[in-house]
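after the sequence you'll find the predicted model.
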Amino acid sequence: DILSVARTLNAGLYYVPSMRNGPGPPFEDRGNAILSTLPLEHLQAIELPFTRQRRIAIGAVIRSADGAAKPWAMRAVTVHLDALAGASRLWIFASGWRAKQAEAVLAALDRREAGVLGGDLNTWLLGTWESAYKRIEAAYPDTGNTIVPVGYSRHGRLDYVFFRLPPPWKSRTWRPADPCGVGDDKCGSDH
């Protein structure tokens, strides 16, 4: 579990559960987490507009100093948008609900603040053409290559990483050779 991983890595942890994970026992939650080797501050939980399941995005500020002792700070955000809007809202129109959830996240954040947002946008087949993606990309204009990792799904790419950086920072992403640690690069991703 995430607490064991944080202890093993001696990392800072911010975790907010969103919902129960199965009927149990054992009883488990699922939600979003941020792990960091640097201290986490100004913790933030953002409840998303409810569709089919309760969803919470989280953010935290990470501070440090560069090699010249110049201080820097950035907000790390993680989000998991709803995959399906639910039968009462017609699953095929879930794209509009994800856009509303993306907008709720963006409205809760300071758009002047440097940051990185990683998320499972569940954009399915429309991918970068979906409104949720377009809204987040517009708020994080320093996003270059958002594939970390690609993830294989019958529905298309689901996970993305976005950047809003101060000059002269640049973003760089890479894909691990074995992203899931199981000897297979064809696994899904959860950002």
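Yep, that arrived.

what are the boundaries of the strands in this structure?
12-20, 29-36, 40-47, 56-65, 71-80, 115-120, 159-164 (DSSP state E).

G127 is nearest to which of these?
strand 159-164 (9.2 Å; CB to CB). The C-beta positions use only the backbone N, C-alpha and C, and glycine is treated the same way.

other SSEs contacting the closest one?
Under the contact criterion of 3 or more CB pairs under 8 Å, 6 or more residues apart in numbering; DSSP states H and E, strand 159-164 touches strand 115-120, helix 131-139.

quick one, the longest one and strand 115-120 angle?
Taking axes from the mean of the first three to the mean of the last three CA atoms, to 10 degrees, helix 131-139 and strand 115-120 form an angle of 170 degrees between their directions.

from the contact counts, what lies against helix 131-139?
helix 94-108, strand 159-164.

out of these, deepest packed?
For the helices and strands packed on helix 131-139, the largest average neighbour count (mean count of other CB atoms under 10 Å) is found in strand 159-164, namely a mean of 22.

quick check: mean pLDDT of it?
Regarding strand 159-164, the rounded mean pLDDT is 89.

that one: how far from the chain's middle?
Computed by CA atoms, centre = their mean, to the nearest Å, the separation of strand 159-164 from the middle of its chain amounts to 8 Å.

quick one: it to strand 71-80, angle?
Using the same axes, to 10 degrees, strand 159-164 lies at 150 degrees relative to strand 71-80.

columns distance to R135 on top of the strands of the chain, output as TSV?
Formatted as TSV, those follow (distance: least, CB to CB, whole Å):
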stretch	distance to R135
strand 12-20	21
strand 29-36	19
strand 40-47	14
strand 56-65	13
strand 71-80	12
strand 115-120	11
strand 159-164	10
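
for A104, which of those is the nearest?
Among the strands of the chain, the nearest to A104 by CB to CB is strand 40-47 (6.6 Å).

just the buried positions in the closest one, please.
For strand 40-47, the neighbour count (16 or more other CB atoms under 10 Å) marks 40, 46 as buried.

next: stretch 6-25.
6, 12-14, 16, 18.

okay, how far is it across that stretch, tip to tip?
Terminal residues of stretch 6-25 lie 24 Å apart, using CA to CA, to the nearest Å.

number the chain from 22, please
Renumbered: residue one is now 22, and that last one reads stretch 27-46.

now it: average pLDDT?
On average, stretch 27-46 scores 86.

what sits up against that stretch?
Contacts with stretch 27-46, where a contact means CB atoms under 8 Å, 6 or more residues apart in numbering, come from 23-24, 26, 48-61, 64, 66, 74-77, 79, 81, 101.
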